[in-house]
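Undergrad: turn this into a model:
(chains A and B)
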Amino acid sequence: MRQRRIWNFLFCFFLLLIAVTFLPKLVLADSPLYSDILTLRVILLIGSPTKLLFLAVATAMGWRCYMAFERGNPVRPAWLLMALGTGCFFLGQSVLAWYQIIRYPAPTPYPSLGDPLFLAGSGCFILALGNFIRAYGRAGLPIGSRLSVATVIAVLGLILSGLAVGVLLPIWSGAEWTTGTLLDTAYVFLDFVLLIPGLLLVRTVFMLRGGLLWRVWVSLVVGFVCLAAGDIFAAYFSLTGNELLDPILDLLFAYGYIFIALGTRQQALLLE
Amino acid sequence: MLSDGPIEIIRGVIEPYVGATMARASTDVHCRSLGIDHGEVPPERITQLIDRLEKGLKVFLGAEKTGELMGEMRRRLSDAGHR
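TA: Presented below is the predicted three-dimensional model:
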């Protein structure tokens, strides 16, 4: 019980720390708060280790879930993919942390060695969420008939494709095709694909409200939506060069990792 | 003497985990397919219903935890005179 309280305190503390570090920057970027106290160095020293910490927690807890589910359980591979996904993100974030903390003030290159790891991680997340939906459907949970699921996928696919093109067109138009452009395109594409199973799961999650599993899945879905939104905004902001909105990206990524860690930990606790 | 209906007891055991809506939806779906209405329920139908719910819960809670939960469900049903 005491350990649970400590963990809950840690999650709340870091959610608050990230909010108070990054949100005021949207309106106070030129104030002494950010030129003297929360300098870029300090912000990197808060943000980078926080992301690494919660990605490590999510990987360890995802692995614990994988090991706790018995062989043959249809969700076991999904939890392995979750652990692999967060593990890839952890390694990718470690590459960024190397530049942000060790090599500071040298700029973090884009693309970097971290990008293939982030792309691989996103692929694992898409496969994991797809596996969860298939496993829950096969287990007889009322997630909808095949026809209704196919219809929802088609409608979401169309809407998200329209949005993706809307985001990608400015990236493609007039820009020289570089590795960066290809990466921006890949991130936006993968994140919109990730949103399809994520939004499909919202239906099932909504039915779990009030139960302990509700907490698991609300945290996971919020985490994935934050990650997808972060990547999509990052691609868009990098094109428009709007650095004023960078604090939103930091907040979205950090919250994404914290909520995914929270969800995987709550699932691991349920299996104890 | 029967204190509470078997379906209500079954729902009561799984509800803390899956919530009231999913507990109701799951039992309703399985009851319909097993031809159970919410009056008198034959013991063999209760067993079939528990087996089906067990399969669904395993994907959320794993075999071990689900086994514990099903044991609790059977005990409560037995205490209430339904098995």
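Undergrad: distance check, A:L183 against B:R11.
TA: As for A:L183, its distance to B:R11 is 50 Å (criterion: C-beta to C-beta, to the nearest Å). All C-beta spots, glycine's among them, are computed from the backbone N, C-alpha and C.
Undergrad: where does chain A dip in pLDDT?
TA: Low-confidence regions of chain A, defined here as pLDDT under 70, cover residues A:141-144, A:171, A:174-175, A:239.
Undergrad: what ranges do the helices span in it?
TA: Remark: helices assigned in chain A by DSSP state H are A:2-22, A:25-28, A:32, A:40-68, A:76-97, A:114-138, A:146-172, A:179-207, A:212-240, A:246-270.
Undergrad: turn those helices into TSV, columns for mean neighbour count.
TA: What follows is those, written out as TSV (neighbours: other C-beta atoms under 10 Å in any protein chain shown):
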stretch	mean neighbour count
helix A:2-22	14
helix A:25-28	14
helix A:32	9
helix A:40-68	20
helix A:76-97	23
helix A:114-138	20
helix A:146-172	13
helix A:179-207	19
helix A:212-240	21
helix A:246-270	23
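Undergrad: can you tell which of those helices is closest to B:P6?
TA: helix A:179-207 (22.3 Å; C-beta to C-beta).
Undergrad: the closest one close to chain B?
TA: Yes - using C-beta under 8 Å from any C-beta of the partner chain, helix A:179-207 reaches chain B at A:206-207.
Undergrad: which other helices and strands contact that helix?
TA: In this structure, helix A:179-207 packs against helix A:114-138, helix A:146-172, helix A:212-240, helix B:6-34, with contacts taken as 3 or more C-beta pairs under 8 Å, 6 or more residues apart in numbering or on different chains; DSSP states H and E.
Undergrad: can I get those in CSV including distance to A:L194?
TA: What follows is those, written out as CSV (distance: least, C-beta to C-beta, whole Å):
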stretch, distance to A:L194
helix A:114-138, 5
helix A:146-172, 10
helix A:212-240, 5
helix B:6-34, 24
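Undergrad: and the stretch 101-250 of chain A, which residues reach chain B?
TA: Residues of the stretch 101-250 of chain A lying near chain B (C-beta under 8 Å from any C-beta): A:135-136, A:139-142, A:206-214.
Undergrad: of all those, which two lie farthest apart?
TA: A:A135 and A:G210 (22.2 Å).
Undergrad: nice, that's everything, thank you.
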